[in-house]
Structure formats: C-alpha cells, structure tokens
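Participant: how would this look folded up:
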Amino acid sequence: MSAVRVFETKEYRPEYGLLLLVDNCVAWDAAEDPVVPHHRDRGDTPTGTFAGSGAGWLAAQADDLAPHAIRLELHDGPSPEDRTAFDDVLETPFRSSSGGLTLATLTSGYGAAHFNLGDAEWFRTRVARWRADIEGQRGYRWLISFWPVAMVEPPVRLARRREATELEPINVARDVESVLRWTPELPVRTTMTSLAQRLLLGETALRDGLASAADKGLLHVDDRAELRLWLGRRTTS
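Facilitator: Numbering: from 1, shown residues only. Next up, the predicted model:
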C-alpha cells in the first residue's frame, strides 16, 4: 500500500536525547484534557524503553550526537510491515487535534506544521528505527507511519534490538504503564507471559519493571495466575 502523504528530512536534531513529534495546535477543552493518555501540554512525554505517545504527542529516544533521517508517512490503512528491516519497532495509538504535526524539540516550541494527517482524530502509528550511514556518518533512520483507525488498541512492541538484561526497570515500567494508559477500562487482565510477549521482554525483566512501577506509584498489580493491573498506587490493603 503506497503512502498517501510523505515528509522527509535529514535536518532534524534532537535535544536531550528525545525525538519529539507534536500536534502544533491542540483544541481540547480543559474538561477533555485526557488523563488516559497524557495530554501534550502536561509536560510528561514518557518514552519507556524506546517510544511513547499520547494526546497530541509522540516521543522517542534519540541520540542527539548522531544524525537522523526521518520519514513520515500517512496511509489509508495499515502500512506494509517488515520487522526484519528495523532494529526497533513500536505500534501505538495517537490522538490528533488539528491534524498538523511538527518535529519539535524541548526548547524550540511547536512552530508551523511539517506534516498534515487530515481530519481524523484517532490513528495507529508505527515507529521504526534502524542504524544506518547518513551522508558519511553513522546515525539513525526513522520511518514513522500513521493510518486512521476506528478503535484504539494498546501499544505493542514488534522489534527490539537491545537485550532485556540491558534495560532499566523504570523504563520497562513506563512501557507497561503505556499499555494501561491506552486501555479504556481497567484493570488490564493478562498473564505474565502474554504481557512479556506484547512488549518483547523476558519475564525476569518484566517482573523487575512491574516492581519498579509499583515502587514509583505508576501502577499496582495483583500477581496471581491472572495479572490484574491498575494505574496509580494501591489504596487498600
């Protein structure tokens, strides 16, 4: 399936290790400010072990000392999938307000839109990254694809380059939290094996991440044969 719309650049330079793509004009009322997922202007854009998204923003870990070649694509439906070509791939929802997207940094502000998604509000987004030579320098290529959807599904990791033993538990915790924040009704009912498969994690790394998430108050878990996960700290014993 060919892309409906494409934007490419080699000029983008991340700041503070963060690639940031934002809706340049959000129009939600204060009463609509969505806690699930995070709103663009709340000041928190957690990326977990790779990338994350919310209402009006998408962010990913990005080496700010390396060059980056970024391609944005808009499709009518799911874009072609080739997991073997990429080091890291995440599929995640995205909520649009104005349809305009800006490649921003933490200090640049939002500016004019680089890319337009059209009138739809809900999208599925596939964020793919791989190491590559860019004009004689070792850097990263990105393919970030959007397509409109009628139903929101929680994030799922499709490829992971880094070994789970190298991951910080707090970042694994953020990956789990993102699944909860994109789930309309809590608790999330799953199993350790199923959740590990969704996030491409070993069960040891996942248990360490769940412990870190509970310690930081991001979520709490009933660790039985069936996992039940809620956002926030446990309020009753």
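Participant: strands paired with the lowest-mean-pLDDT helix or strand in the chain, and their directions?
Facilitator: When each helix and strand of the chain is scored by mean pLDDT, DSSP states H and E, strand 219-223 comes last, with a mean of 82. Here strand 219-223 has these sheet partners by DSSP bridges: strand 227-231 (antiparallel).
Participant: and the partner strand, C-alpha only, in CSV?
Facilitator: Extracted in CSV, the C-alpha atoms of strand 227-231 (Å, rounded to 0.1, in the frame of the first residue of the first chain):
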residue,chain,number,x,y,z
LEU,A,227,-2.3,-10.4,36.4
ARG,A,228,-4.7,-7.5,37.1
LEU,A,229,-3.1,-4.1,36.7
TRP,A,230,-4.4,-0.7,37.7
LEU,A,231,-2.9,2.8,37.3
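Participant: got the buried residues for it?
Facilitator: Within strand 227-231, the residues scored as buried using 16 or more other Cβ atoms under 10 Å are 227, 229, 231. To be clear about C-beta, it is placed using only N, CA and C from the backbone, and glycine gets the same treatment.
Participant: quick check: the second one touching residue 186?
Facilitator: Yes. Taking Cβ atoms under 8 Å as the definition, residue 229 is a contact partner of residue 186 at 7.4 Å.
Participant: which stretches of this protein form helices?
Facilitator: Applying DSSP state H to the chain gives helices spanning 169-181, 192-199, 203-215.
Participant: winner for burial among these?
Facilitator: Comparing the helices of the chain by mean neighbour count (mean count of other Cβ atoms under 10 Å), helix 169-181 comes out on top with a mean of 22.
Participant: tell me the angle of that one relative to strand 227-231?
Facilitator: Counting by axes from the mean of the first three to the mean of the last three Cα atoms, to 10 degrees, helix 169-181 lies at 90 degrees to strand 227-231.
Participant: give me the most central residue, the chain.
Facilitator: Nearest residue to the geometric centre of the chain (Cα atoms, centre = their mean): residue 52, 2.1 Å.
Participant: quick one: contacts for that residue?
Facilitator: The neighbourhood of residue 52, defined by Cβ atoms under 8 Å, 6 or more residues apart in numbering, consists of 45-46, 58-60, 92, 155, 174, 178.
Participant: picking that back up, now flag whichever of the buried residues of strand 227-231 is closest to residue 119.
Facilitator: The shortest approach to residue 119 among those belongs to residue 231, at 30.7 Å (Cβ to Cβ).
Participant: what distance do you get for that closest one to residue 111?
Facilitator: 33 Å (Cβ to Cβ, to the nearest Å).
Participant: residues contacting the closest residue to residue 218 other than its chain neighbours?
Facilitator: The shortest distance from residue 218 to any non-neighbouring residue, by Cβ to Cβ, 6 or more residues apart in numbering, is to residue 177 (4.8 Å). When contacts are counted by Cβ under 8 Å, 6+ apart, residue 177 touches 46, 48, 213, 218-219, 231.
Participant: mind redoing it with 7 Å?
Facilitator: 213, 218-219 (Cβ atoms under 7 Å, 6 or more residues apart in numbering).
Participant: residue 92 too?
Facilitator: The contact partners of residue 92, by Cβ under 7 Å, 6+ apart, come to 52-53, 125, 155.
Participant: now with 10 Å, please.
Facilitator: By Cβ atoms under 10 Å, 6 or more residues apart in numbering, the contact set of residue 92 is 37, 51-54, 58, 123-127, 152-157, 178-179, 182.
Participant: identify the bridge partners of it.
Facilitator: Applying DSSP bridges to residue 92 yields these beta-bridge partners: residue 125.
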